[in-house]
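Undergrad: Here is a sequence together with a model predicted from it:
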Amino acid sequence: MNKRARFRHEFLLILLLSAGLAATAVLTPIARADTITVTTSDDEINGDGDCSLREAVIAANTDTAVDACAAGAGDDIISVPPGTYLLTLAGAGEDAAQTATWTSLLT
């Protein structure tokens, strides 16, 4: 193979690799975090138009909107105003933030 033919092959290979990398960069979705803002200190899971801490955790974990909480997207930020948040929904043996009792004091 002469130098000119070898150069063409190498150039073509570099061009194809560059096009593949560019296509991958364009077509790969970028993971982004969403901010979910808590608007009530009530411990609830319902559809009353606000966003409780429990609803925000569920929205972040499931990447779906819950009540007035925005849907999460990957690693999310939950913005919680200062106050006392007493989570009191009784229950045990589940891992979906539907029950459990704990207290968070944010100041």
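TA: Cool, got the structure. Residues are numbered from 1 along each chain as shown.
Undergrad: in this protein, which spans are helices?
TA: Under the criterion DSSP state H, helices of the chain are mapped to 3-27, 53-62.
Undergrad: Number of residues surrounding the closest residue in space to residue 64 that isn't next to it in sequence?
TA: Counting by C-beta to C-beta, 6 or more residues apart in numbering, residue 71 is the residue found nearest to residue 64 once chain neighbours are left out, at 5.1 Å. Heads up, the C-betas are built off the backbone N, CA and C, glycines and all. Neighbour count of residue 71, defined by other C-beta atoms under 10 Å: 14.
Undergrad: And for residue 88?
TA: The number of residues packed near residue 88 is 13, by other C-beta under 10 Å.
Undergrad: Could you check how far it is from residue 53?
TA: To residue 53, residue 88 is 12 Å away according to C-beta to C-beta, to the nearest Å.
Undergrad: where do the contact lists of the two overlap?
TA: Here residue 88 and residue 53 share the contacting residues residue 43, scored by C-beta atoms under 8 Å, 6 or more residues apart in numbering.
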